[in-house]
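Colleague: Output the structure for:
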Amino acid sequence: MIKNTIYIALLLISTNCFSQYYKSYDWSKKPKLHTLTADEAKEHSIGILKKSIVEYATSTPSQELMQFETTHTIIRVNDEKGIGEHNRVYIPMYDVKNLIDVKARTINSDGKVTLLNKDNIKEVNNVEEYGDFKIFAIEGVEKNSEIEVLYTVEKEADLFGSETLQSDYFIKNAQFLYITGDLNSVVKAYRTTAKFENVITDGKTSRLLDIKNIPAMIEEEYSTPDANKIAVVYQCFPKGQNITQDMFWSNVVNNVGGKIIPSSTNSQAKKDVETMLKDKNALTNYDKAVLADNYIKTNFTVVKNNNAELSDLDYILKNRSASDFGILKVYTNYFNELKIPYELVITSNRFTYKFDPDFFIPNMLRDFLIYLPEEEKYIAPDRIEYRVGEAPFNILGSYGLFIKQDGSHYFSKIVQSDPNYSTIKRKVDITFNDDFESATLKQHQEQTGHWAVTSRAIMNLSTDQSIKEYKDYLTGSGIEDKVVESYDAENTEMNQSEYNVPFITNSTITSESIIEDAGDSYLFQIGRVIGTQSELYQEKERVNPIEMTYPNQYDYTITVDIPEGYTVEGLNSLNIDKSYKSDSTGEKLCKFESSYKLEGNKVIVTIQEFYKTNEYSLNRYEEFRSVINAASDFNKASILFKAK
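Modeller: Numbering: from 1, shown residues only. Predicted coordinates:
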């Protein structure tokens, strides 16, 4: 929808193209296996070559400007896992007018070449909602063989595009060749020190990015690996048109703002607001925004569909159904009538794209928010689980384009205004039966922020089985033999009129497995009370920058009754203090701190763990890891009850 909405009115003229480079580009006539190092031979697969060519040329006989994209890959597969990961090829057909040519071959360790039988190419529609694909299986693949694929597709010329050069396997050489001829072009590479070179390809002006030895992008906890991959973005427009990034962004503002921000309120929207405000007085702007947000998310359905009717306000207000773009019109009309100041925000999911205010690419403009500047709060119109508050966790930390009601705009990072938005406060009282066969844990827990959003969404939108599993998580996760004696939840409704109301649970469980008989003593695994914890004990060097899902804080108070006739040993293991401090201010940005005190026949353990930001320096990964692992270490802690 974004791409259609922000159409740039540019006159694409023909480029002087004497020939198309893809017609002469070819693979080696006499292929040979490439030499690998000893370390490379130990990997499941190695990318020998990953080459992408984007070329603009006029088609015949129409002289229409077209875009030709050529992909050439060579991958060495060293074992069965490598074969399984690469023995099927998917060619995306989104926006493709013609698959011009495709060929593939394998070269085994003996040098035998097996060519693709093109009759085996099949077309599959809407693969996992990613669109249509041409697919085929690679024939003759054995251990220590190479798979080579080369194909070209024809598309209508697009002014903008992007290409990812990094994968989840090591690549010895990646290249991106951008052939524009006499068209103007701008290119940019992310997350690499390699630079574009100006080259001439078949007499045409081109830009080449050539990168050696790209490490595999791996899945790591607290990271955004897909968005962190080495990638290039590009823009192309006619020679003589001096188009700046500001002009692109201004065009977005004019088109989106003009369609979404109303000059007057729709008549049906006025009636809806009148219904909303009935019997309600002395409302603040925050109260009115909450009222409108709850009303819309109770009465309207957002449909993932680009049907034009779902963006037509009259249709939407009559049928209570809208696209993710169309629902914005409902909000802005209601807010216009309610006289609530607001700004539109266009941004991206930080786990998929890193929004760049300095380079305009439509594909990164995927998500809409509404910002309330007076309240410093956000609304996510197409996210039914969220209400007026902070931005959704997958957008928090991204940059966004903010469009004001007067048509002006600015860029800003989407940050959390409430430093204590997401918290878990837990109190656990623990007693033992007379013969130390079982422990009883009475727990009171309050979740706020993103924790509460998730809990309410699961309790209201999930299947009965998922709700059952989530209740299990809320009542002593990681204690396998527990028996839930009682459980209740408060403030479970998704519509809340007050800000950041806690989601509250009260439960009582019993367990035998957290007690171990040690002769005349008993070992109590107190650490398991805080639940299963993440841990960072990876052997390989960290690749990704550190990004938390969202800033959060845990405050736990655990009170353990000491049975009559027993003493407690091993309490010093409960004293842990690990932190990561700001270089500039010395403030603790994340920490895990636990301690205990004895009061009569009770051991009282207090724990505070927090992460004040969702971004931490990769250069200080060891410090960050020590905090994460401190929680995991506490989870393993035990204390000993010894008979007097």
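Colleague: ok, which stretches of this protein are helices?
Modeller: In the chain, the helices defined using DSSP state H lie at 2-5, 21-24, 38-41, 80-86, 225-228, 245-260, 267-277, 285-299, 313-319, 326-338, 449-461, 464-474, 621-635.
Colleague: Residue 178: which of those helices is closest?
Modeller: Evaluated over these, closeness to residue 178 peaks at helix 21-24, with 11.2 Å, by Cβ to Cβ. Yep, even glycine has a C-beta here, placed from its N, CA and C like the rest.
Colleague: Can you name every helix or strand that the closest one contacts?
Modeller: Secondary-structure packing of helix 21-24 (3 or more Cβ pairs under 8 Å, 6 or more residues apart in numbering; DSSP states H and E): strand 45-58.
Colleague: For the strand it packs on, which residues meet the burial criterion?
Modeller: Buried residues in strand 45-58, counted by 16 or more other Cβ atoms under 10 Å: 45-58.
Colleague: any chance of the residues you listed in a markdown table, plus pLDDT and distance to residue 467?
Modeller: Shown next, in a markdown table, are the buried residues of strand 45-58 (pLDDT from 0 to 100; distance: Cβ to Cβ, whole Å):
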| residue | pLDDT | distance to residue 467 |
| --- | --- | --- |
| 45 | 98 | 41 |
| 46 | 98 | 46 |
| 47 | 98 | 44 |
| 48 | 98 | 50 |
| 49 | 98 | 50 |
| 50 | 98 | 45 |
| 51 | 98 | 50 |
| 52 | 98 | 46 |
| 53 | 98 | 51 |
| 54 | 97 | 48 |
| 55 | 95 | 54 |
| 56 | 92 | 54 |
| 57 | 86 | 57 |
| 58 | 78 | 59 |
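Colleague: Check the helices of the chain for me and report the most buried one.
Modeller: Of all those, helix 326-338 carries the top mean neighbour count, a mean of 24, counting by mean count of other Cβ atoms under 10 Å.
Colleague: what does that helix contact?
Modeller: Residues from elsewhere that reach helix 326-338, judged by Cβ atoms under 8 Å, 6 or more residues apart in numbering: 259-262, 264-266, 269-270, 272-273, 276, 285, 288-289, 292-293, 295-296, 300, 302, 310-313, 316-317, 322, 342, 344, 368, 370, 379, 381-382.
Colleague: just stretch 527-538 next, same as before
Modeller: Stretch 527-538 is contacted by residues 220-222, 426, 428, 430, 441, 476-479, 514, 556, 558, 607, 625, 628-629, 631-632, 634-638 when judged by Cβ under 8 Å, 6+ apart.
Colleague: can you check stretch 630-638 too?
Modeller: 478, 516, 523-528, 530-535, 570, 573-574, 576, 578, 592, 594, 607, 609.
Colleague: Now do the closest residue to residue 151 other than its chain neighbours, the pLDDT please.
Modeller: Nearest residue to residue 151, sequence neighbours excluded (Cβ to Cβ, 6 or more residues apart in numbering): residue 102, at 3.7 Å. You'll see residue 102 listed with a pLDDT of 96.
Colleague: my guess is residue 125 contacts residue 132, does it?
Modeller: Yes - judged on Cβ atoms under 8 Å, residue 125 makes contact with residue 132 at a distance of 5.1 Å.
Colleague: For this structure, which element, helix or strand, carries the lowest mean pLDDT?
Modeller: helix 2-5 (a mean of 50; mean pLDDT, DSSP states H and E).
Colleague: Give the bridge partners for the nearest residue to residue 521 once chain neighbours are set aside, please.
Modeller: Distance criterion Cβ to Cβ, 6+ apart; nearest residue to residue 521, sequence neighbours excluded, is residue 642 at 4.5 Å. For residue 642, the residues forming beta bridges with it (DSSP bridges) are residue 521, residue 567.
Colleague: please renumber so the chain begins at 88
Modeller: Understood, numbering begins at 88; the last thing we discussed is residue 729.
Colleague: right, and residue 729 touches residue 654 too?
Modeller: Yes - Residue 729 is within contact range of residue 654, at 5.3 Å (criterion: Cβ under 8 Å).
Colleague: Name the nearest residue to residue 635, sequence neighbours excluded.
Modeller: With sequence-adjacent residues excluded and distances taken as Cβ to Cβ, 6+ apart, residue 635 is closest to residue 701, at 4.1 Å.
Colleague: count of residues packed around the one you found?
Modeller: 19 (other Cβ atoms under 10 Å).
Colleague: Give me the buried entries from the contacts of stretch 614-625.
Modeller: Burial by neighbour count, judged by 16+ other Cβ under 10 Å, picks out 307, 309, 513, 515, 517, 528, 563, 566, 601, 643, 645, 694, 712, 715-716, 718-719, 721-722, 724-725 from the contacts of stretch 614-625.
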